[in-house]
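Colleague: below is the sequence, then the predicted model.
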Amino acid sequence: MAALDTFPDLPRPGEISVCERNGRICSLPANEVNSSSSYNLLSYPEINIGRELFHHAATHIREDRRTIMVPVNETLLKRITRTFFEEGPVEALNEAANCVNEQYNPLIGSLARYMLVLVNIGNRIKFFLKPHLKEQGIDSVGKFTQTKEWSKSAIRCICWHPNCFKIAIAASDDSIRVYSDEPSIVPILKSGLQKSVSSLAWRPFTSGELAVGCQSGTLVWNIDPNSLITRPLSQAVQLRYENHFPVTSIEWSPNGCLLATASINDPDILIWDVDQNRQVPLRRVGPPCALLKWSPTGSRLCSTTVGNVFRVWQTNKWIPDRWTINNGTIQSIVWSSSGSHLLFVTTEECFLYCLGFVEDEVFTSTLVPKSALPVADLSKIIIDQVEVGGRPQALAWCPQSQYLAITFKDTSAIAIFNTAINRTELNITPSCFLTGIGIESASCICFQQNLGRRSSEKKKTVLTIGWSSGRIQYFPFV
């Protein structure tokens, strides 16, 4: 089993690793680092979201409307009605229960207090049957995203287009910027419905169709690649279904025909035909779904829940295999390029687990118990007086299944493993640690494969890192 204590040392103080070349890590002094000025990355845009517009109110701070309004004399019924439409029925009952010096107050106040008691009893029963409903709102969304400290991070999501040179970045002001190799044009996507963005997904085989998972549900943007304006005129199309919001995970099928969405308030997965604006729910009894990941071959879809259950669906018949873990929930999942292996980490254990799928069978024999095998120990250790490892935050596996990157909840360094698959066996070996500048920590990561504009260009794999400062770094393996 691989372990962090067999890794090479961290970069020296004041230095940053900038690429891997022929198995060797190249480093530069931090003051000489440029995100894209060397190692054949000249066409990559230099991005620092932290320097760009941030004139927005913190999303986790809510001001009471009544504190910023000019006081007026309102009747009790008007106050209750206004509170009902602005803040909901429970706050309206609280307003009625707390009223004083009004005509008919004893009757209205007593009735409101009696109804609040019934509401509290109903909530206790509901939370007993469905404990996950206790955690709702912005904090619950951040708990099930792949981004470290999602609610505070300048960068909330990064997503490379699977077919062309285009990257979408969601910022904490709920805007999405789309960068390409044309630096003078950066479309900015904003909408009143686009709040608390948690996931992004480009539609395969289209040049500008981007799905966004957010508080109101799913939005689908269609960006004209020939447009010369930075703010597209078209509005996003909203995909909304009953209680299926907020959406915490979205995944296009590899052929781009179907869109799968998951919400932490809904146990059902929705499979959308976006062109027809139709959906089919995959209904299951149990805790709501939190995270989705389609295998690169399209034959399987892995779905996790807010509990200890996860499922692997066979998409030809939409039949799931049900799995459970001992503690916590699934934190992150990734598929190998062939769909033969699934790697995952949990919220409570410092291990990397692997499930093998060969010819629709787990492992190679039905006599072997169906269970996940730990392949790497990620327990926290100290290297050069710096803590690394611990509880994992997110996984990213390169398209060739050669490099695996792991970020951690409580430490800032990124662990890179070399991986190789020999049909049923996964070999995983330590490679290096990546660190940021100063006190930076990795907020989110993803791989992008650049096939080159000409057949003579050498293929390379690039790990894209969104640091907590808002800086984007490209780390190539060449």
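Modeller: Done, it's in.
Colleague: any stretches of this structure with poor pLDDT?
Modeller: Residue ranges of the chain with pLDDT under 70: 33-40, 52-73, 100-105, 126-139, 225-234, 358-370, 450-459.
Colleague: please, where are all the helices along the stretch 51-200 of the chain?
Modeller: Secondary structure of the stretch 51-200 of the chain (DSSP state H, counting those that start in this stretch): helices at 76-87, 89-97, 105-129, 138-143.
Colleague: can you read off the backbone torsions of Gly466?
Modeller: Reported as degrees, to the nearest 10, the phi and psi values for Gly466 are phi -100, psi 110.
Colleague: show me the contacts for it.
Modeller: By Cβ atoms under 8 Å, 6 or more residues apart in numbering, Gly466 lies in contact with Ile49, Thr147, Ser153, Ile155, Ile158, Ile169, Ala442, Ser443, Cys444, Ile445, Ile472. All C-beta atoms are positioned from the backbone trio N, CA, C, and that covers glycine.
Colleague: re earlier: of all the helices of the stretch 51-200 of the chain, which one is nearest Trp252?
Modeller: Taking Cβ to Cβ, helix 138-143 is the member of the helices of the stretch 51-200 of the chain nearest to Trp252, at 20.9 Å.
Colleague: of all the helices of the stretch 51-200 of the chain, which one is nearest Asn326?
Modeller: With respect to Asn326, and counting by Cβ to Cβ, the nearest of those is helix 138-143 at 19.4 Å.
Colleague: select from the contacts of Gly466 the one having the most neighbours.
Modeller: When neighbours are counted by other Cβ atoms under 10 Å, Ser443 leads the contacts of Gly466 with 28 neighbours.
Colleague: ok, that one to Thr6 distance?
Modeller: For Ser443, the distance to Thr6 equals 27 Å [Cβ to Cβ, to the nearest Å].
Colleague: Gln235 is in contact with Ser191, isn't it?
Modeller: Yes: counting by Cβ atoms under 8 Å, Gln235 does reach Ser191; the two are 6.6 Å apart.
Colleague: distance to Asn265 and mean neighbour count added to the helices of the stretch 51-200 of the chain, as CSV?
Modeller: Listed next are the helices of the stretch 51-200 of the chain as CSV, based on distance: least, Cβ to Cβ, whole Å; neighbours: other Cβ atoms under 10 Å:
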stretch, distance to Asn265, mean neighbour count
helix 76-87, 19, 15
helix 89-97, 17, 17
helix 105-129, 12, 12
helix 138-143, 9, 18
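Colleague: what's around Cys302, how many residues?
Modeller: Cys302 has 24 neighbours, counted by other Cβ under 10 Å.
Colleague: list the contacts for Pro399?
Modeller: Counting by Cβ under 8 Å, 6+ apart, Pro399 has contacts Pro296, Ser337, Phe447, Gln449, Thr461.
Colleague: just checking, the last one touches Trp397?
Modeller: The reference is to Thr461. No: Thr461 is beyond contact range of Trp397, at 10.4 Å (criterion: Cβ under 8 Å).
Colleague: any residues in contact with both of the two?
Modeller: Shared contacts of Thr461 and Trp397, defined by Cβ under 8 Å, 6+ apart, are found at Tyr403, Phe447.
Colleague: I'd like the helices of the stretch 51-200 of the chain as JSON lines, with distance to Ser175 appended.
Modeller: As requested, the helices of the stretch 51-200 of the chain are arranged in JSON lines below (distance: least, Cβ to Cβ, whole Å):
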{"stretch": "helix 76-87", "distance to Ser175": "26"}
{"stretch": "helix 89-97", "distance to Ser175": "30"}
{"stretch": "helix 105-129", "distance to Ser175": "35"}
{"stretch": "helix 138-143", "distance to Ser175": "17"}
